[in-house]
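>>> Here you go, sequence then predicted model.
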Amino acid sequence: MTVAPTVLVIPGLRDETPGHWQAILAGELPNAVSLPALGRTNIDLTARMAQIEAAVRAITGPAILVAHSGGAIAAAHWAQRTRSTIHGALLATPPLFAGPLGSEFPALAEFEREGWAPVPRSRLPFRTIVAASRNDPLGAYEDVCELALAWGARLVDLGASGHLNPASGFGPWPMAAQLIRELVAAGPADGFESPSQLRTA
């Protein structure tokens, strides 16, 4: 009997927001678990990676990560250190930490001291989809495309979607469920080949 993957939702640097698409998705999926949102000033990357590791190890059967913003970068850092295996990952609008994130966040130098930057660019050891916005204030589209290529990920073009958060009009993001189904249908990640980039309007 095939066991359906469990979805591990990894929020980024935001407060708990019931209207965020990740919270909505977790409430709709029968097999989802969520890490707590970090808030805007908790940038302890080591602790966050430990939370991801503990959550993955607690899942019985395959796991798919669904990470947004800083959660996507935390997942990429975790992937460089873990010996755990997962089925795949959906990483949405990863920030590049190439400039200040905004006045409500710590200074870029603090993120660098905590290890968030530079962003890992090694190929990720699992099947990955990166969803990128063409007007994301935290990461230029062309640069996120290059990051997705370095990670060996399939790229999905979200068009002008801001940072894919409530401030950008999301709310529900139905495409997330579709992309998760694609990861599930693709089968185990062992031995997968680097996919060509897919651009979806």
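Structure received. Residues are numbered from 1 along each chain as shown.

>>> The helix or strand harbouring Gln80 packs against which elements?
Element membership for Gln80, per DSSP states H and E: helix 70-81. Helices and strands touching helix 70-81, by 3 or more C-beta pairs under 8 Å, 6 or more residues apart in numbering; DSSP states H and E, are strand 6-10, helix 45-58, strand 63-68, strand 88-92. All C-beta spots, glycine's among them, are computed from the backbone N, C-alpha and C.

>>> Show me what counts as buried in stretch 48-61.
Under the neighbour-count criterion of 16 or more other C-beta atoms under 10 Å, stretch 48-61 has Arg48, Met49, Gln51, Ile52, Ala55, Val56, Ile59 buried.

>>> any residues touching that stretch, and which ones?
Contact with stretch 48-61 is made by 3-6, 8, 10, 33, 35, 38, 63, 65, 74-75, 77-78, 81-82, 84, 86, as judged by C-beta atoms under 8 Å, 6 or more residues apart in numbering.

>>> repeat for stretch 100-112
Contacts of stretch 100-112 (C-beta under 8 Å, 6+ apart): Leu13, Arg40, Thr41, Ile43, Pro95, Phe97, Gly99, Ala117, Leu138.

>>> Farthest pair within the residues you listed?
Using C-beta to C-beta, the two most remote members of these are Thr41 and Gly99, lying 18.2 Å apart.

>>> can you give me the strands in the chain?
6-10, 32-34, 63-68, 88-92, 128-132, 154-157 (DSSP state E).

>>> rewinding a little: which of the contacts of stretch 100-112 are buried, as a ChimeraX select command?
Typed into ChimeraX, the line below selects the buried ones among those, using 16+ other C-beta under 10 Å:
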select :13,40,43,95,97,117,138
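
>>> Take the contacts of stretch 100-112 and write them to a markdown table, including distance to Phe170.
What follows is the contacts of stretch 100-112, written out as a markdown table (distance: C-beta to C-beta, whole Å):
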| residue | distance to Phe170 |
| --- | --- |
| Leu13 | 16 |
| Arg40 | 18 |
| Thr41 | 23 |
| Ile43 | 23 |
| Pro95 | 16 |
| Phe97 | 22 |
| Gly99 | 23 |
| Ala117 | 26 |
| Leu138 | 15 |
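
>>> What separation do you get for Val33 and Pro120?
Per C-beta to C-beta, to the nearest Å, Val33 is found 24 Å from Pro120.

>>> of those two, who's got more company?
Pro120 (18 against 14; other C-beta atoms under 10 Å).

>>> any weak-confidence spans in this protein?
1-2, 188-201 (pLDDT under 70).
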